[in-house]
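Trainee: build me a model from this:
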Amino acid sequence: MADAFAGTWKLLDSSNFDEYMKALGVGFATRQVAGLTKPTTIIEVSGDKVTVKTQSTFKNTEISFKLGEEFDETTADDRHVKSVVKLEGGKLVHVQKWEGKETSLVRELKDGKLILTLTMGSVVSTRTYEKAS
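Mentor: From the prediction side, this is the model:
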């Protein structure tokens, strides 16, 4: 269930994030700032509704959704996308589509850590979060 993902998660490690942002079309200045921030992600589950809040010195975002239902999302880099999040094999799979493009954000739990795998075309970024005490 999505309940396993609930909690406050702090970024511990990040790899290839600049390349991922570049693949999305994020400009240089925004990539520089976003690459330096260590966001906190808060995941709340209430019945069939999931809320994901991302907080950083760069920008705060919040999305609320029901699993499997498409919703409109404005991303931290200001893309207006159609999103859908599904629970597949114990992973939260978030797909964003815009202007004929598509990216996936897959969250999974491994050894008490939350692993976020971001994929855009052939570019893959991995961000590891630890649960805040």
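Trainee: only C-alpha atoms from now on, for both contacts and neighbour counts.
Mentor: Will do.
Trainee: quick one: contacts for the residue nearest the centre of the chain?
Mentor: Among the residues of the chain, the one closest to the centroid is L105, at 5.4 Å (CA atoms, centre = their mean). By CA atoms under 8 Å, 6 or more residues apart in numbering, the residues touching L105 are 93-95, 116-119.
Trainee: redo that, cut-off 6 Å
Mentor: 94, 117-118 (CA atoms under 6 Å, 6 or more residues apart in numbering).
Trainee: let me know the pLDDT of it.
Mentor: Looking at L105, its pLDDT stands at 98.
Trainee: ditto for A2
Mentor: On the pLDDT scale, A2 gets 89.
Trainee: the particular helix or strand that has L118 in it pairs with which strands?
Mentor: Following DSSP states H and E, one finds L118 within strand 113-120. Looking at strand 113-120 with DSSP bridges, its partner strands are strand 101-110 (antiparallel), strand 123-131 (antiparallel).
Trainee: next, the buried residues of the lowest-mean-pLDDT helix or strand in the chain.
Mentor: Least confident element among the helices and strands of the chain, by mean pLDDT, DSSP states H and E: helix 28-36 (a mean of 92). By 16 or more other CA atoms under 10 Å, the buried positions in helix 28-36 come out as 31, 34.
Trainee: ok, back up a step: for L11, find the nearest of the strands paired with strand 113-120.
Mentor: Smallest distance to L11 across those (CA to CA): 4.3 Å, for strand 123-131.
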